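Peer 1: Would you be able to build a 3D model of this:
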Amino acid sequence: MDSKNPGDMDRSVRKLAPIALAKRKALLNPNTDAVRLIDGIGDQLPGTILEAFADHWLLSTTSDFIDPEVRQWLRDQPHSCYWKRLDQHQKESPVLLSGKPVTEPFLAKENGINYEISFQSGYSQGIFLDQRDNRAEVRRRMAPGLKLLNTFAYTGAFSVSAAMAGAETTTLDLSQPYLDWAKRNLAHNQLDPAAHHFCKGDTFHWLRRFAKQGRTFDGIVLDPPTFSRDEKGKVFRVESDFTELASLALDVLAPGGWVLCCTNFKKLSPHHFEKQLFAASSRRLRAVHSPMPDDFSGESYLKSVWLTFDGA
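Peer 2: Now for the predicted structure:
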């Protein structure tokens, strides 16, 4: 947070932060303790994000400066608080700001599901809170006998949601450590990782391979990074390559199935994102957009589209 007048900042934080926390009170319950508490400009505190993971807090700022009064307000709270700067070029682990150090991974709960969180794992802590409602919808749509493919899976949160509904899941990511993390997330919920499938490698490669094998899925999650490079150096850019990605996914979609397509690329409008998706198939497609969770009161940057063949 930047301020030329620390006193004004102090009054703002001490006045506005409790209001923001009070608005989220209903979201925090015995089944959910992972919530965004302050959402920047949506809570009149631009550049500042505060999230709760179980009993621990994570402050994220767009500036490398934290006003002393903000630090003091956080020290007055009964939580360990870590801080990271929102910088896509320097992705560092959070650092302790106040309270007791949290040196080991711990569990946070979302809609009754346990997820492993780590403040020592790098730039991301294990779960993206803006996908909470989408995870809940995946669980609602899945059932025993159905199959989910979770691509760019990170720590497998969508896989766990589907598995909790009794579905068989395939979790796909370039990183073996993240696949191992996904297995632990299943185990944290008394789910047997051996009953599910894990694939290491490039999503484009695996989608083509599944098509050749004749494998199909009832639900597919496409939530790629805005920019990435595979093991062979091939570049993926959301704004130019999502059509091909969606097309390959639709090739392995079972009759009556769905594809959840997500991007947080701010320069891509919902209209142009949907246009990319409709170009993915010669068959008629139906697109349903999902809003962001209620605790994300600022910019609606996450675009989520549930894609089905028309009539499905």
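Peer 1: Can you list the buried residues in the host helix or strand of E137?
Peer 2: Here E137 sits within helix 132-141, counting by DSSP states H and E. Going by neighbour count (16 or more other C-beta atoms under 10 Å), the buried part of helix 132-141 is R132, D133, N134, R135, E137, V138, R139, R141. Every C-beta, even on glycine, is put in place using the N, C-alpha and C of the backbone.
Peer 1: now swap in stretch 142-160 and tell me
Peer 2: Buried residues in stretch 142-160 (16+ other C-beta under 10 Å): 142, 146-160.
Peer 1: so which of those residues comes closest to D218?
Peer 2: L146 (4.2 Å; C-beta to C-beta).
Peer 1: Need the nearest residue in space to the closest one, chain neighbours excluded.
Peer 2: Residue nearest to L146 in three dimensions, not counting chain neighbours: D218, with 4.2 Å by C-beta to C-beta, 6 or more residues apart in numbering.
Peer 1: Just read off the phi/psi values of the one you found.
Peer 2: When read as degrees, to the nearest 10, the backbone of D218 gives phi -80, psi -20.
Peer 1: ok, now L45?
Peer 2: Torsion angles at L45 (phi, psi; degrees, to the nearest 10) stand at phi -130, psi 70.
Peer 1: Return the residues in contact with L50.
Peer 2: L50 makes contacts with A17, A20, R36, L37, I38, W57, L58, L59, S60, as judged by C-beta atoms under 8 Å, 6 or more residues apart in numbering.
Peer 1: by contact count, what packs against the helix or strand hosting P177?
Peer 2: Counting by DSSP H and E, the element that carries P177 is helix 176-187. Contact here means 3 or more C-beta pairs under 8 Å, 6 or more residues apart in numbering; DSSP states H and E; on that basis helix 176-187 packs against strand 113-117, helix 157-164, strand 168-173, strand 197-200.
Peer 1: The first one pairs with which strands, and in what direction?
Peer 2: To tie it back to what came earlier, the one meant is strand 113-117. strand 106-110 (antiparallel) (DSSP bridges).
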